[in-house]
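Novice: I would like to see how this sequence folds:
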Amino acid sequence: MSVTDSASGSASASFTLIINTGPLTITTPATLPAAVAGAVYSQTLAASGGAPPYSWQVTSGTWPVGLSLSSAGVISGTPTVAGTYSFSAQVTDSASEAAKQSFTLTVAAAGSLTRVGVIPQIAAGGGWTTTIWLTNGSAATVQTNVVFHGDNGGALALAVNVVQPAASQQSSASSLNLAIAPNTTVVVSTEPLAALVEGWADVLSNGPLSGYAVFSNGATEAAVPLQTQIGTTFRVAFDNTNGASTGVALVNLAGGQANLTATVWDEYGTQLATLPVALTLTDANGNGHDSFMLPARLAATAGIRGIVQFAGNPGTAFAAGGQMTGLGLRAEASGLFTSVPTIVP
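Specialist: You can find the predicted model right below:
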């Protein structure tokens, strides 16, 4: 900046103007989302007010081995030792104003994970999104792994947004490692894609979980519970009259290629057909998936009401029948879309 007087004398100098938007405060809650020993963790601390940019550091307390705090406020890494850690972090702005807060971070012990349920249909892109809610109603932190599979049973990498209490992060992976604190819910939603991608999600945990998923195309949506009914067969009641059409999503949980059959009965209990059902994509190692409207594959269901039973790989004297699960889908002539419960005998 320069100034000139009436005698043409001039002087110039440089100035710095700091705009303070209010007192510097830390806005992240004191209790951080839980982590799991051996699982990748990421959480960003946030502040407001003062004069950005901010710089962060840990000032005192105990810190989980395997994690680090960047100057940008990102806690990241892979914790290695379970426990509850209390520490203080400080944020400093460009005007050297500082704010400090105490935090608590629980690192849950890695446990043996088993399947607690299946989301039989994931639809992302082409106007469709899928959102999954998983709730831990127990008194302990639950370690959870959500694994996405494509139609051929292989890994399906999806861009998703993961929302936990006081935290949200984006991920692009075929597997999510989550630590769900007691009496809290995690929400996993697919990000928009240009082309439609389909598959299913396996939900593994070392504790009890409940949940559901919602499929939406913006105009209509359907909600389905976390599917815990898994067997070698399941049934769907269908109604393909008055312009409506019933579909199904199939998941092959056997450890090998699916060899599925479908048996169709009409509304009077008359058996109309027993037919092989081939998945669109080969799933040589199992975990394959397919979804279709029944009349497109099972002509006997066209224009009628009835029941269709899907059966997995037949059992032998040396091996049990192949497990499977699925979901019924119903589209009305008006375009409305809903889910249909399946029945495991």
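Novice: A strand includes residue 123, no?
Specialist: Yes: counting by DSSP: H, G, I helix; E, B strand; the rest coil, residue 123 is part of a strand.
Novice: mind listing what it touches?
Specialist: By CB atoms under 8 Å, 6 or more residues apart in numbering, the contact set of residue 123 is 129-130, 196-198, 215. In short, each C-beta sits where N, CA and C put it, glycine included.
Novice: next helix or strand past the helix or strand of the chain with the lowest mean pLDDT?
Specialist: When each helix and strand of the chain is scored by mean pLDDT, DSSP states H and E, strand 2-4 comes last, with a mean of 71. Downstream of strand 2-4, the next assigned helix or strand under DSSP states H and E is strand 10-12.
Novice: Leaving out the residues flanking it, which one is nearest to the spatially most central residue of the chain?
Specialist: Nearest to the geometric centre of the chain sits residue 188, at 3.4 Å (CA atoms, centre = their mean). Of all residues not flanking residue 188 in the chain, residue 132 sits nearest, at 4.5 Å (CB to CB, 6 or more residues apart in numbering).
Novice: Domains in this protein, by residue range?
Specialist: 25-108, 114-225, 233-340 (automatic domain parsing).
Novice: can these go into TSV with extra columns for mean pLDDT and distance to residue 9?
Specialist: As requested, those are exported to TSV (pLDDT from 0 to 100; distance: least, CB to CB, whole Å):
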stretch	mean pLDDT	distance to residue 9
domain 25-108	90	34
domain 114-225	92	58
domain 233-340	92	79
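Novice: so what secondary structure elements neighbour the least confident helix or strand of the chain?
Specialist: strand 10-12 (3 or more CB pairs under 8 Å, 6 or more residues apart in numbering; DSSP states H and E).
Novice: ok now the helix or strand just after the strand it packs on, how far from the chain's centre?
Specialist: Beyond strand 10-12 on the C-terminal side, the first helix or strand identified by DSSP H and E is strand 25-26. On the basis of CA atoms, centre = their mean, to the nearest Å, strand 25-26 is displaced by 30 Å from the centre of the chain it belongs to.
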